[in-house]
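Student: Sequence and computational prediction follow.
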Amino acid sequence: MPDGAVHHNTSIAPDRCQTQGSDLAQTWLRHAPSTTPLPPRYGTARYTYPLRVPPHSGRERAVSFPSYASLRVNAVAMLVLIGPVMPDFPFQFWYPLTRLGGVGLTLPLALATALWLIPGYGWRIACRWLVLLGVAISVVALTKIAFLGWGIGVRAWDFTGISGHAMLSSAVFPVACSLVLVNMRPLLRLGGVLAGLAIGVAVSVSRVVLDAHSSAEAVVGCLFGALTAGVFIGSIWHIRPLKLNVRVIGFSLVVLTVALHDVRLPTHRWVTQIALDLSGHERPFVRARWKTQRPHPAAPAVPPALKPNPLVTSPPSSGLSALPHL
């Protein structure tokens, strides 16, 4: 239980586990409006609600919620990403999965895909792929720099920047799968694209489960990456490539994925340093402190008729005040 947590029901057994996935969204949609007072709009404390799962088992589990401002986004995001039912996986399951979206793997995989595009489609198509991916990476970096350097974000959504893991995995894997299945029937090729997109969705879910990103950041990253991949795949879908050895392409991409799966680069440190250099601040903005800061309301505007004129002296309020003191 994190520091500052608040229990609305203190009679729940301490050995309960936390639910994940759509249980989180469905429990809030089912219980919060009717049985539980809503948490405050701002704050970093997490709120625990009772839940009996499975039915009639007598065991209670705890559901840990962020502040109310992001409950609506979290509920919708979890339902969209992982569907109505999701088992509770241990954290050891999510770490290898989230590394599929790391820069150390996805960027070499994207470069290898571009190299294989050259003999099949030409260097212009390969450059188109790299330009689209470069633009997407730049947008992700700008959102992170804006928050780390100036604190620009959306508190209502707990949004501090697009998830790079979600964007990269949702953009690179569908394009790679489409290239490997380029000689297959359109339906099978589409299935490969969807399988690559499923990897991106799984990486996005892992970022939320591991508390590396909020649901809004993971959803935006996944959608942005899918849009990038969809634009590129749609531009070459009806182009017949030259003869390509798809077996060699598939084998090389699989070997590259396995070999670079555990390669980690300090990208967050690099982005943080860039943000500090551009903003001139000594310390970056931190999510926990940023969320606790209430936006100051603007001062009400004073009508011009009520503003005092410094050139006009007001007359005395009473005639007695003008008499000399005796």
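Tutor: Alright, I've got the coordinates.
Student: Every contact and neighbour count from this point should use C-alpha atoms.
Tutor: Will do.
Student: what's stretch 111-121 in contact with?
Tutor: Residues from elsewhere that reach stretch 111-121, judged by CA atoms under 8 Å, 6 or more residues apart in numbering: 123-127, 129-130, 175-176, 179, 241-244, 249, 253.
Student: Tell me the buried residues in that stretch?
Tutor: Using 16 or more other CA atoms under 10 Å as the test for burial, stretch 111-121 gives 112-114, 116-118, 120-121.
Student: In helices only, show me these.
Tutor: Counting by DSSP state H, the buried residues of stretch 111-121 place 112-114, 116-118, 120-121 in helices.
Student: and the two most separated of the residues you listed?
Tutor: Pairwise distances across these peak at 14.1 Å for Ala112 and Tyr121 (criterion: CA to CA).
Student: all helices for the stretch 201-326 of the chain, in order.
Tutor: Listed in chain order, the helices of the stretch 201-326 of the chain (DSSP state H, counting those that start in this stretch) span 215-236, 246-259, 267-279, 287-292.
Student: Switch those helices over to JSON lines; also include distance to Val201, mean pLDDT and mean neighbour count.
Tutor: Formatted as JSON lines, the helices of the stretch 201-326 of the chain follow (distance: least, CA to CA, whole Å; pLDDT from 0 to 100; neighbours: other CA atoms under 10 Å):
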{"stretch": "helix 215-236", "distance to Val201": "6", "mean pLDDT": "97", "mean neighbour count": "22"}
{"stretch": "helix 246-259", "distance to Val201": "17", "mean pLDDT": "95", "mean neighbour count": "14"}
{"stretch": "helix 267-279", "distance to Val201": "21", "mean pLDDT": "95", "mean neighbour count": "15"}
{"stretch": "helix 287-292", "distance to Val201": "24", "mean pLDDT": "85", "mean neighbour count": "15"}
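Student: ranges for the strands of the stretch 51-200 of the chain?
Tutor: Applying DSSP state E, counting those that start in this stretch to the stretch 51-200 of the chain gives strands spanning 60-65.
Student: Poorly predicted segments of it, please.
Tutor: For the stretch 51-200 of the chain, applying pLDDT under 70 flags the ranges 51-88.
Student: Report pLDDT for Val312.
Tutor: pLDDT recorded at Val312 is 54.
Student: longest helix of this protein?
Tutor: The chain, longest helix under DSSP H: helix 123-150.
Student: Spit out the contact partners of Asn183.
Tutor: Val246.
Student: change the start of the numbering to 25 and stick with it
Tutor: With 25 as the first residue, the last one maps to Asn207.
Student: any idea how far it lies from Gly185?
Tutor: Per CA to CA, to the nearest Å, Asn207 is found 38 Å from Gly185.
Student: re earlier: format the helices of the stretch 225-350 of the chain as JSON lines; extra columns: distance to Ser228.
Tutor: Listed next are those as JSON lines, based on distance: least, CA to CA, whole Å:
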{"stretch": "helix 239-260", "distance to Ser228": "5"}
{"stretch": "helix 270-283", "distance to Ser228": "18"}
{"stretch": "helix 291-303", "distance to Ser228": "17"}
{"stretch": "helix 311-316", "distance to Ser228": "19"}
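Student: Nearest to Val127 among those helices would be which one?
Tutor: Across those, closest to Val127 is helix 291-303 (CA to CA), at 7.8 Å.
Student: Which strands or helices does the closest one pack on?
Tutor: Applying 3 or more CA pairs under 8 Å, 6 or more residues apart in numbering; DSSP states H and E, we find helix 291-303 packed against helix 147-174.
Student: Enumerate the positions of the helix it packs on that are buried.
Tutor: 149-150, 153-154, 156-157, 160-161, 163-174.
Student: what's the angle from it to helix 291-303?
Tutor: Relative orientation of helix 147-174 versus helix 291-303 (axes from the mean of the first three to the mean of the last three CA atoms, to 10 degrees): 70 degrees.
Student: what angle do helix 147-174 and helix 239-260 make?
Tutor: Using the same axes, to 10 degrees: helix 147-174 against helix 239-260 is 160 degrees.
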